[in-house]
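Student: would you be able to build a 3D model of this:
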Amino acid sequence: MTPAIKDLFIAFLRLGLTAFGGPAMVAHIKELSVHRHQWIDETDFKNGIALCQSIPGATAMQVAAYVGLRVKGIFGALAAYLGFGLPAFILMLVLSFFYTRFSGLPQFISLFNGLQVIVVAIILNSVLSFGRDIANNYRGIIIALLSAVSFWSGVSPFIVIIGAGLIGVVFGGSSTPSSTLDSDRKGTPNTKHIVLLLSILLIFITGLYITNLVLFNLATVMLKIDLFAFGGGFASVPLMLHEVVINREWLDSKTFMDGIALGQITPGPIVITSTFVGYLVYGTAGAIVATISIFTPSFLMLIVVAPFFDRLKASAHFLKAIDGVFASFVGLLVYVCLKFTMIVPWDAVRILFGIATIAALLRRVDILYIVIAGAVISVFIF
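Tutor: Numbering: from 1, shown residues only. Got it, this is the predicted structure:
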């Protein structure tokens, strides 16, 4: 039975309330949409995962939108996307409010001293996770190393990503094209609806440019980050670090790390850190603008690319470019890991705390439990 738009929104809102674990939530989305409600079949769901992993954006958010797209078209995609992401936004907004008012208290200082170590462990675990995908590919390893060195040398990560894609096309190994989506399936976007959404985005950006240049700059930065965030939510971390901390100097590195830590105790993807950044830059209005902007490009790309994904997956050049881009993010995450490691004032307690966190992550303990337990322990030991 095809659900109504409001039913899609409510179903994904409920799921979004417990959407901890980032990409791990894909399994819960499958349970909801394939098994419990039978909105789409398992083959179609697997095809959607392939699509969402090949375009920018947080994977779980994209998969939620994909389900909505197949069930009720663009407005179904929008309902699922908003419902799934809304709980994370609200909680991060509340946490950002408390952070700006109480971060100077001794208890908060102790808390974030411990959370900084946890953030380093989480990023290192992401490096290991991404690194496994290229471990047997010497081209990918070379691209990753070149990316890390380039980032360390001050090269813009956006140039690094584009360059990695081009290197992948020119020097990439053999790729086997495949066909995954049937462009004639239901849920194919209506061109008028796509034009409408693009027009709304243009009006939104133009309005910010006319009325508030701070919010306009915030929006354009977040739009650019999301547009290049191939490889899931963690791919946005080095891009956001470069733009927010190094390039714009809106936040210092320690505060940015605190935002990532808060992002780990909220449901939803790590890119919800954008809400924290926006709040610190321009209050509630900044949080809203930053959040809308960090999720919009990948959502639009999903609904535009879905009907043509067959052709893209049939292109060896496309597959090689994607391989190159993915490899570059390993290098970028290595840089971020080193950058954050240098910020932490390491001592014996922090080293042991970090080793314990890494061990828990490698044993696949739920990241929410790790962060909450680590937060409690931090208040007493730091």
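Student: what helix or strand does F309 sit in?
Tutor: helix 309-313 (DSSP states H and E).
Student: quick check: next helix or strand after that helix?
Tutor: helix 316-343.
Student: buried stuff in that next one?
Tutor: 318-340 (16 or more other Cβ atoms under 10 Å). Every C-beta, even on glycine, is put in place using the N, C-alpha and C of the backbone.
Student: ok, stretch 113-133 next?
Tutor: Going by 16+ other Cβ under 10 Å, stretch 113-133 has these buried residues: 113-131.
Student: repeat that for stretch 273-290.
Tutor: 273-282, 285-290.
Student: residues in contact with that stretch: which ones?
Tutor: 88-89, 92-93, 95-97, 99-100, 208, 212, 214-215, 218-219, 222, 225, 237, 240, 244, 250-251, 255-256, 258-260, 262-263, 291, 293-294 (Cβ atoms under 8 Å, 6 or more residues apart in numbering).
Student: any of those residues buried? List them.
Tutor: For those, buried by 16+ other Cβ under 10 Å: 88-89, 92-93, 95-96, 99, 208, 212, 215, 218-219, 222, 225, 237, 240, 244, 250-251, 255-256, 258-260, 262-263, 291, 293-294.
Student: picking that back up, pull the most distant pair out of the buried residues of stretch 273-290.
Tutor: The distance between the two most remote of the buried residues of stretch 273-290 (Cβ to Cβ) is 17.6 Å, for T273 and A285.
Student: and the pLDDT at G16?
Tutor: On the pLDDT scale, G16 is placed at 85.
Student: so it is in contact with P87, correct?
Tutor: Yes: the criterion here is Cβ atoms under 8 Å, and G16 meets it with P87 at 4.5 Å.
Student: those two: who's more crowded?
Tutor: The neighbour comparison of G16 against P87 (other Cβ atoms under 10 Å) goes to G16, with 25 against 21.
Student: now for the more buried one: which residues touch it?
Tutor: 83-88, 267-268.
Student: by neighbour count, which of those wins?
Tutor: Busiest of those [other Cβ under 10 Å] is F84, holding 32 neighbours.
Student: could you pull up the residues touching that one?
Tutor: Neighbours of F84 in contact, by Cβ under 8 Å, 6+ apart: 12-13, 15-16, 19, 60-61, 64, 268.
Student: for the closest residue to F230 other than its chain neighbours, give its distance to V169.
Tutor: Among residues not flanking F230 along the chain, V325 sits closest, at 4.7 Å (Cβ to Cβ, 6 or more residues apart in numbering). Counting by Cβ to Cβ, to the nearest Å, the separation of V325 from V169 is 10 Å.
Student: overlap of the contact sets of the two?
Tutor: With Cβ under 8 Å, 6+ apart, V325 and V169 have no common neighbours.
Student: below-threshold pLDDT in the stretch 201-350 of the chain: ranges please.
Tutor: 231, 310, 313 (pLDDT under 70).
Student: anything in contact with each of G16 and P87?
Tutor: What both G16 and P87 touch, as defined by Cβ under 8 Å, 6+ apart, is the set 267-268.
Student: so I294 makes contact with L239?
Tutor: No: using Cβ under 8 Å, I294 is not in contact with L239; the gap is 10.3 Å.
Student: next, show the common contact partners of these two.
Tutor: Joint contacts of I294 and L239 (Cβ under 8 Å, 6+ apart) are I225.
Student: just give me the longest helix of this structure.
Tutor: helix 59-102 (DSSP state H).
Student: what mean pLDDT does that one get?
Tutor: Mean predicted confidence for helix 59-102 is 91.
Student: next one: it to chain centre, how far?
Tutor: 12 Å (Cα atoms, centre = their mean, to the nearest Å).
Student: what do you get for stretch 317-334?
Tutor: 16 Å.
Student: roughly how far does I90 sit from L146?
Tutor: 41 Å.
Student: same thing with C52?
Tutor: 27 Å.
Student: so between these two, which is more surrounded?
Tutor: With neighbours defined as other Cβ under 10 Å, C52 and L146 compare such that C52 has more, 25 against 18.
Student: ok, and the closest non-adjacent residue to that one?
Tutor: Closest residue to C52 apart from its sequence neighbours, by Cβ to Cβ, 6+ apart: Q62 at 3.8 Å.
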